[in-house]
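Engineer: quick one, fold the following:
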Amino acid sequence: RMSWGARGGGRAGPVCLFSAASAALDESRPKTTVSIAGCKGKYADKVNGIYEPTGELYNGKPLYRKADDPNQWLRYYSTKNWGVSPTEWKDANDTRTHFYCKEKDLENPTL
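Structural biologist: A predicted model of the protein is given here:
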């Protein structure tokens with residue numbers, strides 16, 4: 001099981017569920033949507049939700065966009081962690097994040 005952390009007053013850990021669901025997408029794109037649920041705290045509304053693959057790579061890994069908030073991204077950071085952040089930080093390849101995976105070098109955020 002992966003360990004997750006939150007920044008800026010959020011809480012993560014056992015209360016956060018992170019799962020993958022199969023989706024029928026174009027063969028050239030990743031076939032997994034990612035669901036994050038149960039996070040509490042300051043950024044819970046930004047983090048919790050369904051993330052859909054964009055078909056693009058970001059730092060060499062699939063990039064996901066939040067289905068109901070196109071300003072939130074699940075992405076692979078240059079620090080080799082997965083995390084959630086807004087468009088501004090993504091576009092700058094900034095390592096700031098609202099929510100991140102403590103394990104490094106995971107191939108995808110659902111392992």
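Engineer: the strands in the chain, which residues?
Structural biologist: 4-6, 17-22, 32-37, 49-58, 61-66, 72-76, 82-86, 99-101 (DSSP state E).
Engineer: just grab the bridge partners of residue 40 for me.
Structural biologist: residue 11 (DSSP bridges).
Engineer: now residue 49
Structural biologist: Under the criterion used (DSSP bridges), residue 49 bridges to residue 36.
Engineer: follow-up on the earlier one: JSON lines for the strands of the chain, including mean neighbour count?
Structural biologist: Quick note: C-beta positions are derived from backbone N, CA and C, even for glycine. JSON lines is the format used below for those (neighbours: other C-beta atoms under 10 Å):
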{"stretch": "strand 4-6", "mean neighbour count": "22"}
{"stretch": "strand 17-22", "mean neighbour count": "13"}
{"stretch": "strand 32-37", "mean neighbour count": "19"}
{"stretch": "strand 49-58", "mean neighbour count": "17"}
{"stretch": "strand 61-66", "mean neighbour count": "21"}
{"stretch": "strand 72-76", "mean neighbour count": "25"}
{"stretch": "strand 82-86", "mean neighbour count": "25"}
{"stretch": "strand 99-101", "mean neighbour count": "24"}
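Engineer: adding mean pLDDT and distance to residue 92, write the ones you listed out as TSV.
Structural biologist: Converted to TSV, the strands of the chain look like this (pLDDT from 0 to 100; distance: least, C-beta to C-beta, whole Å):
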stretch	mean pLDDT	distance to residue 92
strand 4-6	58	21
strand 17-22	45	25
strand 32-37	82	22
strand 49-58	92	12
strand 61-66	94	15
strand 72-76	95	12
strand 82-86	92	10
strand 99-101	81	16
